[in-house]
Every structure is written in structure tokens, then in C-alpha cells.
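K.L.:
sequence first, then the predicted structure:
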Amino acid sequence: MIDAPARRLEGRLVALGVTGSIAAYKAVELLRLLTAEGADVVVLLSPSATRFIGPLSFAALSRHPVETDLLDLLPDGRIGHIVVADTADAIVVAPATAHWLGAMANGLAGDVVTATVLASSAPVVVAPAMDGDMWTHPATVANVGRLREAFGYAVLAPGTGPLASGQSGTGRLAELPDVVDAVVDAVAKRPIRQPDAAARPPLASPVPREADLVGRSIVVTAGGTREPIDPVRFIGNRSTGKMGVALAEAALARGARITLIAAAVEVPLPEAAEIVRVERTAELRDALATAMRPSDAAGPDALVMAAAVADFTPAAPTDRKIPRSDGLSIELTPTPDLLAEVAAQAAAGADGPPPVIIGFAAETGSLDRAAAKVAAKGVDLLVANDVSEPGSGFGTDTNRVTIFDRAGAREELPLLPKREVADRILDRIAHALDARDAAAQTAGMQRGTRS
């Protein structure tokens with residue numbers, strides 16, 4: 001049996017600083033290589049770097065929040081980039097722009113990457129990337145010389161080849177394995193600087209998923225509908241909208257376009273979503289019709305009906321307040337089953353692949369009825385929970401759900417934060433959409449072959 005090779009950065013914390021070069025996309029692969037060597041990696045992005053590549057990919061791969069702002073605080077109140085500066089075994093800046101080299105050589109802490117390096121005594125590895133003439137300019141030469149000679153930084157000479165300008169010359173980011181080797185050399189004779197995980201930057205909570213919903217359009221409903229009795233009274237339910245909002249936020253973080261139809265909610269709504277406010281079940285019905293069949297675009301890829309829809313509505317609401325002295329007797333009529341209705345309409349009216357539809361069922365005492373609801377309502381997945389269970393009811397920050405599918409399978413999840421429950425549901429949605437699209441593509445190819 002051949003032993004696996006030792007990982008050269010096992011137990012090390014490496015800070016990866018990324019600045020605004022077109023080569024910033026290569027930093028994702030550098031992160032993979034560093035973690036493959038055993039490193040715990042936290043990423044720092046300059047403002048210009050975020051214009052080339054967003055924080056989500058780095059957060060998903062590193063499992064740490066990405067530092068982008070000098071004023072960002074960790075959940076425990078510590079200053080993020082200072083914690084990185086104090087605990088990192090090494091800092092690697094790749095790619096490093098000419099601007100960053102100049103700022104660092106002169107101690108100008110205008111971004112989180114420069115500020116972290118200034119605040120740290122860890123060894124620093126720098127991998128520049130820029131146009132050839134910029135690399136050979138006397139200012140850049142002087143700045144690199146100062147970083148090497150006065151600061152003791154390891155500056156890797158860029159490679160030669162085609163450049164972003166269309167020219168060919170010296171300025172390409174050094175080969176990534178060479179950058180990793182330079183980091184290994186920088187820490188080789190040093191003890192692990194801070195082995196206590198509690199002192200290091202924390203892991204992200206929840207752990208970010210990769211952007212597997214980019215280009216997807218998802219409609220989410222949240223909160224509870226209210227059916228008016230008179231202008232001041234209504235029939236409603238205990239929903240706060242926390243689960244629906246968690247789903248919208250998680251889907252946005254994974255790259256989806258979100259239309260959030262919000263009834264009565266008690267939590268802030270995500271600014272990046274398109275918000276449609278409703279109150280009554282009839283208003284929710286109209287909003288769903290518009291969202292599922294937009295006039296100027298294709299319909300959504302998925303619908304998540306997390307809203308708690310009132311089952312009954314007063315038969316004869318009044319437009320004046322009913323005096324207490326009159327007494328109150330209310331005749332109720334059932335509201336339409338919006339979930340079954342929209343599922344049937346989507347299946348009947350889809351020109352292309354139908355949307356993936358997910359329903360929610362709030363039960364008490366038992367989930368025995370939930371499995372039958374999947375077929376009865378025509379949904380792809382049904383998420384059921386026992387709202388009488390502690391920690392799993394309305395208004396809580398956690399939930400314990402069971403996910404039922406059309407094939408009769410059920411997945412029981414433990415008690416989890418609602419954001420984690422949201423991501424588990426979105427994992428299923430992403431998989432279903434990929435399978436749906438693959439099946440549609442295969443069917444199209446087969447039709448083309450027969451014709």
C-alpha cells in the first residue's frame with residue numbers, strides 16, 4: 001500500500017489577497033490548490049477585484065466569509081482583516097496589480113488587502129500580473145525592488161506570453177503551482193502561528209453553496225395571508241415569513257433571480273429580490289398568475305410556496321367596523337387551493353419544460369397526511385413540518401422538516417436553522433432543474449435525429 005503524499009500546508013492558515021487584474025479568475029484555482037495542500041484559506045478582495053469575480057465562489061470554496069471592506073466586523077465583533085493579519089501563517093497576493101504594488105510599497109492602506117499586509121508580521125508572497133510595459137516601467141521596478149529588499153517579500157516574476165491587451169510580453173501571472181511552492185517555502189521553517197481555531201477567522205454560517213442557480217428565475221411566496229372581517233379585524237395565521245424569506249435570501253446568494261410575493265411578514269425583505277406585496281388570498285392568487293405567466297418573458301424555473309395561505313375567508317366582510325355591542329357571528333367559506341391550482345395550470349400551459357413546484361404543509365402531531373398531498377396537489381416536492389414541535393413552529397429561527405417527492409421517497413432533516421433548511425431545499429431544486437433541462441435536451445436531440 002502506497003501512503004498518500006504529505007500535504008505541505010497542513011494546519012496552516014493562508015490569507016489569499018486578490019486585486020483588480022483580469023487574472024483574478026485564476027485565484028479561484030489557486031485557492032483550490034492551496035486547500036489541496038491542507039491549508040485553511042481566507043480570501044481578501046480589493047474593491048476592483050470584485051468587479052472581475054464575486055465573493056461567492058471564494059466563500060463557497062474556502063468556507064470562510066470573504067473580507068472585502070476595511071470596516072467589516074466578524075459576528076463576535078472583532079475586526080475581520082485584523083484577525084486575519086494576526087493569525088495567518090502566510091499572505092499571498094495573487095494577482096497583484098501595478099496599483100497594488102505601488103500602494104503597498106508606500107504603505108497606503110486603502111483596501112482590505114493592503115491593510116491586512118500592513119497589519120501582519122506573516123511572510124508575504126506576491127504574484128504580479130499586468131501589461132508588459134507596466135511591469136517594466138521604472139515606477140513598478142522601483143516598487144518591486146522595495147518590496148523585495150526593504151520588506152522581505154517574495155515577489156514572483158510574471159511569466160511571458162499573450163496578455164489581456166492583445167500583445168505578447170512579460171506580465172502574465174506566474175504559474176499557480178509555483179505560487180503554491182513559494183507559499184510552502186515561506187512557512188517551511190516557521191511554527192504554526194495560531195493553532196487555536198477559535199482565534200482564527202470563523203467559518204461562514206451558513207456555509208455558502210456554489211452559484212448553481214445563476215440564470216434561474218424562482219418565485220417564492222412568504223408570510224401569512226389575512227382575510228378581512230371588517231376594516232380593523234381579520235382572520236389570519238401565525239406565519240412570520242421567516243422560512244420564505246430564508247429561501248429567497250439563500251436563492252439570491254446562489255445566483256437566482258427572485259420574485260418574492262410577500263403577505264404579512266415580520267422580518268426584513270431582501271433588497272435584491274423583486275418584491276410583490278399582498279394581503280388577501282385573492283391578491284396572492286392574482287400575483288401568482290402574473291409571476292407564473294409574465295407577459296414579456298419566459299415563466300419562472302421554479303415556484304416555492306412557503307406562504308401560509310388562510311384556509312377560510314369571511315363570506316360577507318363589511319366595510320365598517322362592527323361594534324362590540326352588535327356581537328359577532330362569521331360565516332366562513334373555503335379559499336381556493338392555490339398550490340394545487342397553480343400546479344395544474346403550470347402543467348397544462350407549459351410551452352417548454354414545466355417549472356419545478358415545491359409546496360409546504362404545516363401539520364400538528366403527525367405528518368401522515370403529507371405524503372398523500374404530493375399527488376393530490378400535483379407538486380414535485382412537499383416540505384412538511386409539525387408546527388407543534390418545539391423549535392419547528394411559526395416564528396422560530398429553526399425548523400425540522402421532512403421532504404416528500406413524487407416517487408414516494410421522504411427525506412427527514414434534523415432540527416436546523418431555517419437558512420440551512422432553505423439551502424437543503426434549494427439543493428433539491430437545483431438538481432431537479434438540471435435533470436429537467438438534460439431530459440429536454442435529450443428529447444430535442446432525439447426529435448432532430450428522427451426528422
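P.N.:
Perfect, thanks for sending it. Numbers count the residues shown, from 1 in each chain.
K.L.:
packing partners of the biggest helix by length in the chain?
P.N.:
In terms of residue count, the longest helix belonging to the chain (DSSP state H) is helix 418-450. With contacts taken as 3 or more Cβ pairs under 8 Å, 6 or more residues apart in numbering; DSSP states H and E, helix 418-450 sits against helix 242-253, strand 302-305, strand 356-363, strand 381-386, strand 398-399, strand 401-405. Quick note: C-beta positions are derived from backbone N, CA and C, even for glycine.
K.L.:
got these as a markdown table, with distance to residue 411 and mean pLDDT columns?
P.N.:
Shown next, in a markdown table, are the helices and strands packed on helix 418-450 (distance: least, Cβ to Cβ, whole Å; pLDDT from 0 to 100):
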| stretch | distance to residue 411 | mean pLDDT |
| --- | --- | --- |
| helix 242-253 | 17 | 94 |
| strand 302-305 | 16 | 97 |
| strand 356-363 | 13 | 94 |
| strand 381-386 | 9 | 95 |
| strand 398-399 | 14 | 92 |
| strand 401-405 | 5 | 94 |
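K.L.:
need these in TSV with distance to residue 27, can you?
P.N.:
Listed next are those as TSV, based on distance: least, Cβ to Cβ, whole Å:
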stretch	distance to residue 27
helix 242-253	20
strand 302-305	32
strand 356-363	34
strand 381-386	36
strand 398-399	36
strand 401-405	36
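K.L.:
could those go into CSV alongside mean neighbour count and distance to residue 100?
P.N.:
Shown next, in CSV, are the helices and strands packed on helix 418-450 (neighbours: other Cβ atoms under 10 Å; distance: least, Cβ to Cβ, whole Å):
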stretch, mean neighbour count, distance to residue 100
helix 242-253, 26, 28
strand 302-305, 26, 41
strand 356-363, 23, 44
strand 381-386, 23, 47
strand 398-399, 20, 43
strand 401-405, 21, 47
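K.L.:
tally of neighbours for the closest residue in space to residue 278 that isn't next to it in sequence?
P.N.:
Leaving aside its chain neighbours, residue 278 sits nearest to residue 284 (4.7 Å; criterion: Cβ to Cβ, 6 or more residues apart in numbering). When neighbours are defined as other Cβ atoms under 10 Å, residue 284 has 25 of them.
K.L.:
wait, residue 284 sits on residue 306?
P.N.:
No. Applying Cβ atoms under 8 Å as the test, residue 284 and residue 306 come out as separate, 11.9 Å apart.
K.L.:
ok, and what's touching the one helix or strand residue 114 maps to?
P.N.:
In the assignment (DSSP states H and E), residue 114 maps to helix 112-118. The contact list for helix 112-118, computed with Cβ atoms under 8 Å, 6 or more residues apart in numbering, reads 15, 17-19, 44-46, 67-70, 72, 80-82, 84-85, 88, 91, 93, 100, 103-104, 107-109, 124.
K.L.:
restricted to helices, list those residues.
P.N.:
Short answer: these in helices (DSSP H) are 80-82, 84-85, 100, 103-104.
K.L.:
just those now: which is nearest residue 143?
P.N.:
residue 104 (7.6 Å; Cβ to Cβ).
K.L.:
against residue 72, how distant is the closest one?
P.N.:
Computed as Cβ to Cβ, to the nearest Å, the residue 104 to residue 72 distance reads 20 Å.
K.L.:
again, but for residue 256
P.N.:
In this view, residue 256 and residue 72 are 25 Å apart by Cβ to Cβ.
K.L.:
those two: which is more packed in?
P.N.:
Using other Cβ under 10 Å, the more surrounded residue of residue 256 and residue 72 is residue 256, with 26 against 13.
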